[in-house]
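>>> After the sequence you'll find the predicted model.
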Amino acid sequence: VKRPELLSPAGDFEKLKSAIYFGADAVYLAGKAFGMRAASGNFSDEELARAVEYAHERGVRVYVTVNIMPRDGEYPALRQFLIYLHQIGADAAIVSDLGVVALARECAPELEIHISTQASTVSAAACMAWHKMGAKRIVLSRELSLAQISAIRNALPAEVELETFVHG
């Protein structure tokens with residue numbers, strides 16, 4: 001049995017340090033743009049680079065939320081941001097929009113893609129579709145029961161990673 005990954009939010013640098021100190025295997029965070037975590041402090045580009053370096057020095061992965069639904073005019077800056085995430089060594093981008101997936105595959109093909117819970121994925125068929133588009137991991141919808149999650153897992157090849165929210 002594969003050990004689960006403990007993934008924790010990190011809304012600013014102090015929360016990042018706390019998550020790592022208390023045992024997170026990975027953290028997710030957002031830049032100042034392109035993420036839905038607007039209520040968090042979030043990270044400037046310079047802070048993102050420092051966060052990735054800090055986490056990697058401690059064996060912790062960093063996933064950056066890029067889960068907005070961009071309008072046409074946002075794509076040039078979004079392209080540069082995805083390239084930047086690859087350059088600083090972010091471990092994955094968490095996305096929820098088909099256009100963002102396509103753009104990431106084009107401009108930063110080595111950057112892992114994780115599909116955000118905002119995509120509301122509730123079936124094995126949807127998971128496979130995302131996987132065929134290049135997603136390594138799919139964050140399932142929060143409304144699914146354990147039995148539904150298990151059924152989806154059993155219907156997928158092992159290389160399709162699933163993530164679920166656990167609250168407690």
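Structure received. All values reported here derive from a predicted model rather than from experimental measurement.

>>> contacts and neighbour counts: CA atoms only from here.
Fine.

>>> so where is the protein shaky, pLDDT-wise?
1, 36-40, 167-168 (pLDDT under 70).

>>> The nearest residue to L16 once chain neighbours are set aside: neighbour count?
Once flanking residues are discounted, L16 sits nearest to A10: 4.6 Å by CA to CA, 6 or more residues apart in numbering. A10 has 24 neighbours, counted by other CA atoms under 10 Å.

>>> which element is the residue of the chain most remote from its centre on?
Ranking residues of the chain by C-alpha distance from their mean position (CA atoms, centre = their mean) puts A147 at the top, at 24.0 Å. Here A147, judged by DSSP states H and E, is contained in helix 146-154.

>>> can you give me the helices in this structure?
Using DSSP state H, the helices of the chain run over 13-21, 45-57, 75-88, 98-107, 124-132, 146-154.

>>> Against I149, how distant is A92?
According to CA to CA, to the nearest Å, A92 and I149 sit 22 Å apart.

>>> Beta-bridge partners for the spatially most central residue of the chain, please?
Most central in the chain under CA atoms, centre = their mean is I94, positioned 2.6 Å from the mean C-alpha point. When bridges are called by DSSP bridges, I94 pairs up with T65, H114.

>>> just checking, it touches V66?
Yes: under the criterion of CA atoms under 8 Å, I94 makes contact with V66 at 5.5 Å.

>>> residues touching T164, list them.
T164 is in contact with V139, L140, S141, R142, counting by CA atoms under 8 Å, 6 or more residues apart in numbering.

>>> Take these and keep only those in strands.
V139 (DSSP state E).

>>> Now neighbour count too, for the contacts of T164, in JSON lines please.
Below are the contacts of T164 laid out as JSON lines (neighbours: other CA atoms under 10 Å):
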{"residue": "V139", "neighbour count": "23"}
{"residue": "L140", "neighbour count": "24"}
{"residue": "S141", "neighbour count": "19"}
{"residue": "R142", "neighbour count": "14"}
